[in-house]
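Engineer: predicted model and sequence follow; I will ask about them next.
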Amino acid sequence: MSFFGDLLGAVASAVQTVIDVAGDIASTAIRVIRTEYQRLKDQYREIDVSERKEARHRQLIDVNDEILEFEKKLRRDGKLCDQDQLHLSELRAKRLELRSRIDAAKEFEVASDISNHDDLYGIKDIDPVSPNELTRLGGQMVMGKTCSKCQKPMAIRWPTNTLNPTLEDLFWSCTGFFQKLPNGAPLCKYTENLSNPDMKLFGHIQRPGMEVSSDKLNNIVQRPETSEYVKQKLNHAINEISDDYLCPVHHERMALKTKRNANGLLDLYYLRCLRCEQMVKIKSATQLDAILESYNGKGLFS
């Protein structure tokens, strides 16, 4: 069911934020997406896509459980017999297949939103000083953007100590960086700069607050009254999983957590894989906006 990449060479975020149409005009993109969505909707009319996606997530957990047992056996014995090694390879391939099917279902949901709310979508230029639409995606696996070296999903990153990143600070990083080889080295360290098409994006053009500079947004959310508002909105979501943040190793949904002895709101929240140590720090106002929308359906200023 995946079609954004085939039709538009597109990058669609998990939270329906950004689709790169590589210079195509918004009206054409919407028309093509609507047409293809309707075709797939008719083709799969007997299938509940949301239910199917949940089934894939459950299968993924079962597959990871099996992989974990083989990996424990490998660490204990130092090797696997040929049959076990073959089974482990098959399980890892199955995990990738399930991730692809989950992504396809999410793309279908994005297409549905665009088809039903096309008045909310349009072309938007990224501000090079405050690239809020891109930093908002920090920590998310972006559908359709894969590493040219190993084909794993890529994510938008910037230096950890950069509080207000500009466009020059952002880069694409392979999520294989978070997977380790037996010697502890990253499985893949490939990165690439953002391309020209990444600077002109098709997505939500009426998302409040994104026109404000990143430093002002960060100052606003750290005000006592705003911090308290955010905490109240997210209290119910602590330990709850999110469709929008997947573990780069296991591809399972990550859960919202809070940090003890946090140094302010932008040091308080993070997402963590329930199976391993992988985490995503929420270190900007734009990421908080995405988290609020993910768990409550509305962002900071909605």
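Structural biologist: The structure has been received and is ready for your questions.
Engineer: quick check on residue 223: phi, psi?
Structural biologist: phi -70, psi 140 (degrees, to the nearest 10).
Engineer: sorry, slip of the keys, the one I care about is residue 149.
Structural biologist: Main-chain dihedrals, residue 149, degrees, to the nearest 10: phi -90, psi -40.
Engineer: show the pLDDT at it.
Structural biologist: The model reports residue 149 with a pLDDT of 91.
Engineer: give me the neighbour count for residue 51.
Structural biologist: 10 (other Cβ atoms under 10 Å). C-beta: built from backbone N, CA, C; applies to glycine.
Engineer: any idea how far residue 124 is from it?
Structural biologist: 33 Å (Cβ to Cβ, to the nearest Å).
Engineer: how about the strands of the protein, start to end?
Structural biologist: 18-19, 121-125, 154-157, 171-174, 191-193, 200-204, 241-246, 253-258, 269-272, 279-281 (DSSP state E).
Engineer: want to throw those strands into TSV with distance to residue 93, mean pLDDT and mean neighbour count?
Structural biologist: TSV is the format used below for those (distance: least, Cβ to Cβ, whole Å; pLDDT from 0 to 100; neighbours: other Cβ atoms under 10 Å):
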stretch	distance to residue 93	mean pLDDT	mean neighbour count
strand 18-19	29	38	24
strand 121-125	36	78	16
strand 154-157	20	87	22
strand 171-174	19	91	20
strand 191-193	26	92	12
strand 200-204	33	72	22
strand 241-246	18	91	22
strand 253-258	21	96	19
strand 269-272	26	96	21
strand 279-281	26	91	19
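Engineer: and residue 138, which of the ones you listed is closest to it?
Structural biologist: Smallest distance to residue 138 across these (Cβ to Cβ): 6.0 Å, for strand 154-157.
Engineer: dump the closest one to PDB, keeping only the CA atoms.
Structural biologist: The C-alpha coordinates for strand 154-157 follow below in PDB (Å, rounded to 0.1, in the frame of the first residue of the first chain):
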ATOM      1  CA  MET A 154      17.100   7.700   8.600                       C
ATOM      2  CA  ALA A 155      16.300  10.400  11.100                       C
ATOM      3  CA  ILE A 156      16.900  14.200  11.300                       C
ATOM      4  CA  ARG A 157      19.500  15.000  13.900                       C
END
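Engineer: what helices and strands are in contact with that strand?
Structural biologist: Identification of packing neighbours for strand 154-157 by 3 or more Cβ pairs under 8 Å, 6 or more residues apart in numbering; DSSP states H and E yields strand 171-174.
Engineer: so where's the stretch 101-250 of the chain uncertain?
Structural biologist: Judged by pLDDT under 70, the stretch 101-250 of the chain has its weakly predicted residues at 141, 143-144.
Engineer: ok, now which ones touch residue 186?
Structural biologist: Neighbour list for residue 186: 176-180 [criterion: Cβ atoms under 8 Å, 6 or more residues apart in numbering].
Engineer: can you say which of those residues are buried?
Structural biologist: By neighbour count, with 16 or more other Cβ atoms under 10 Å, the contacts of residue 186 hold 176-179 as buried.
Engineer: how far out from the middle of the chain is stretch 179-199?
Structural biologist: For stretch 179-199, the separation from the chain centroid amounts to 15 Å (computed by Cα atoms, centre = their mean, to the nearest Å).
Engineer: kindly report the same for stretch 283-302.
Structural biologist: Distance of stretch 283-302 from the chain centroid (Cα atoms, centre = their mean) equals 14 Å.
Engineer: do stretch 51-61 as well
Structural biologist: Distance, stretch centre to chain centre, for stretch 51-61: 17 Å (Cα atoms, centre = their mean).
Engineer: got it, and stretch 81-96?
Structural biologist: Centroid separation between stretch 81-96 and its chain, computed with Cα atoms, centre = their mean, is 26 Å.
Engineer: what number of residues lie near the residue nearest to residue 287 when sequence neighbours are not counted?
Structural biologist: Distances taken as Cβ to Cβ, 6 or more residues apart in numbering put residue 138 closest to residue 287, at 5.2 Å, once the chain neighbours are dropped. Look at residue 138: counted by other Cβ under 10 Å, it has 20 neighbours.
Engineer: who are the contact partners of residue 138?
Structural biologist: Contact analysis of residue 138 by Cβ under 8 Å, 6+ apart lists 155-158, 280, 283-284, 286-287.
Engineer: turn these into CSV, columns for distance to residue 168.
Structural biologist: Formatted as CSV, these follow (distance: Cβ to Cβ, whole Å):
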residue, distance to residue 168
155, 18
156, 13
157, 13
158, 9
280, 22
283, 18
284, 16
286, 17
287, 19
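Engineer: done for today, thanks.
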